[in-house]
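In: sharing a sequence plus its predicted fold:
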Amino acid sequence: GIGEGKREREREREREQNINVALRKLVCLLKPVKEVEQTGDHMIIRTITSLRNYVMEFDVGVEFEENLGPIDGRTCQTTVRWDGERLVCTQIGEKQNRGWTHWLEGCFLHLEMHAEGAVAKQVFQKKE
């Protein structure tokens, strides 16, 4: 009946939330390394961890289809642009209000990620 479909959706949502909580806890234990290469408006950002690596290659200001499979299995339409000294990414897809901002302060690279009202922040120190 109708109630069974609703219960199944609730069970599926609970499974997804449990996986997301476990994944977030695991990610907090990792010590990611960020590598950024820039040639004119072409950029490559590598996020390297002991669990998995993620490479994002793009031209600033040009929308592209991003495969977030290694992160959460989704794809989205992504645009990265400069906003002053900050690199701002907008990702349009299943998750609302999703994207990130990168900026430098001295020898620190800041990353603020957001999706559906949640915000996560990371700070990376430049290697000597």
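Out: It's in.

In: quick check: buried residues in stretch 109-122?
Out: Buried residues in stretch 109-122, counting neighbours by 16 or more other C-beta atoms under 10 Å, are found at 109, 111-115, 122. (Glycine included, C-beta is placed from N, CA and C.)

In: so what touches it?
Out: For stretch 109-122, the surrounding residues in contact (C-beta atoms under 8 Å, 6 or more residues apart in numbering) are 32, 34, 36, 95-104, 123-126.

In: surely Arg81 is within a strand?
Out: Yes - the assignment for Arg81 is a strand, going by DSSP: H, G, I helix; E, B strand; the rest coil.

In: test my guess that it contacts Gly61.
Out: Yes - using C-beta atoms under 8 Å, Arg81 is in contact with Gly61, at 5.3 Å.

In: in the protein, which spans are helices?
Out: 2-29 (DSSP state H).

In: could you point out where it is predicted with low confidence?
Out: Scanning the chain for pLDDT under 70 picks out 1-30, 70, 128.

In: if we ignore the residues flanking it in sequence, what's nearest Phe108?
Out: Val123 (5.4 Å; C-beta to C-beta, 6 or more residues apart in numbering).

In: repeat for Thr47
Out: Here the residue nearest Thr47, using C-beta to C-beta, 6+ apart, is Tyr54, at 4.6 Å.

In: again, but for Asn67
Out: Thr75 (5.3 Å).

In: you'd agree the one you found is up against Glu65?
Out: Yes - with contact defined as C-beta under 8 Å, Thr75 reaches Glu65; the gap is 5.9 Å.

In: next one: the closest residue to Trp82 other than its chain neighbours from Asn53, what distance?
Out: Nearest non-adjacent residue to Trp82, counting by C-beta to C-beta, 6+ apart: Val60, 6.3 Å away. For Val60, the distance to Asn53 equals 22 Å [C-beta to C-beta, to the nearest Å].
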